[in-house]
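In: Any chance you can model this:
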Amino acid sequence: MTVSEVPSSVLAAISRLVSTLAEAGPRATLELLDLEIETVLGHSYITVSVREKDNLVRRIYSAEPGIYPEGQLKDLVRNERTRRLLHEGVPYLANSWEELSVQYVDPEVLAENGVTSLANIPLRFDGEVIGVLNIADTGGPRPEGFLVSAQAFGDFLAPLVLLWKHSSELPDANSSNSGSH
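Out: Just a heads-up that it's a prediction; the model follows:
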């Protein structure tokens with residue numbers, strides 16, 4: 001992906017995120033990321049996870065903490081989608097109920113919340129996938145080009161997640177701390 005492929009609305013949102021990170025820290029930046037993705041791409045909710053090891057991730061941000069609690073460890077299903085996401089850094093977009101029901105371990109939770117599309121965006125740093133940005137929506141299939149914009153947000157987010165991963169403020173499963181700076 002090159003900068004010329006990224007819509008100007010996404011670049012402007014990333015610029016606002018950089019300013020927020022400089023002024024208000026990681027938690028405020030994740031909250032703004034949620035709003036920017038909702039505004040620019042549309043979504044029902046996002047989650048952000050750091051990769052602990054292999055297929056194990058820990059959620060550090062959730063726009064729906066009642067459904068997807070922060071601090072929760074999750075062992076991702078071992079399938080081709082997850083292998084490509086975590087080991088090759090290839091984003092995945094489930095754009096139909098058929099794809100959602102086959103690719104995810106909790107399709108009933110997705111159905112209960114009206115999710116019709118779900119994107120898994122790898123957060124890459126120095127050639128390694130260090131986390132995942134999930135963007136769920138209830139508005140039907142995503143348009144062509146969606147993954148380019150979503151990956152641009154993921155590329156911005158990766159260094160922030162790396163910093164958070166090495167921070168003492170990483171939420172754990174026993175904490176309701178949002179990890180604000």
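In: now the longest helix seen in the chain: how far from the chain's centre is it?
Out: Assignment by DSSP state H gives helix 146-165 as the longest helix of the chain. Mean-position distance between helix 146-165 and its chain equals 8 Å (C-alpha atoms, centre = their mean, to the nearest Å).
In: Same question for stretch 97-104.
Out: The answer for stretch 97-104 is 18 Å, by C-alpha atoms, centre = their mean.
In: And for stretch 158-171?
Out: The mean C-alpha position of stretch 158-171 is separated from the chain mean by 14 Å, C-alpha atoms, centre = their mean.
In: Mind checking the pLDDT average for it?
Out: Average pLDDT, stretch 158-171: 75.
In: how would you label the most centrally placed residue in the chain: helix, strand or coil?
Out: Centroid check for the chain by C-alpha atoms, centre = their mean gives residue 133 as the closest residue, at 1.2 Å. Three-state call for residue 133 (DSSP: H, G, I helix; E, B strand; the rest coil): strand.
In: pretty sure it contacts residue 48?
Out: Yes - assessed by C-beta atoms under 8 Å, residue 133 is found in contact with residue 48 at 5.5 Å. All C-beta atoms are positioned from the backbone trio N, CA, C, and that covers glycine.
In: okay, and the common contacts of those two?
Out: 123, 157 (C-beta atoms under 8 Å, 6 or more residues apart in numbering).
In: What segments of the protein are helices?
Out: Using DSSP H, helices in the chain cover 8-24, 26-40, 80-83, 97-103, 107-112, 146-165.
In: Tell me the buried residues in the helix or strand of the chain with the lowest mean pLDDT?
Out: Sorting the helices and strands of the chain by mean pLDDT, DSSP states H and E puts helix 97-103 at the bottom, at a mean of 86. By 16 or more other C-beta atoms under 10 Å, the buried positions in helix 97-103 come out as 99-100, 103.
In: So which of these is the closest to residue 34?
Out: residue 100 (21.2 Å; C-beta to C-beta).
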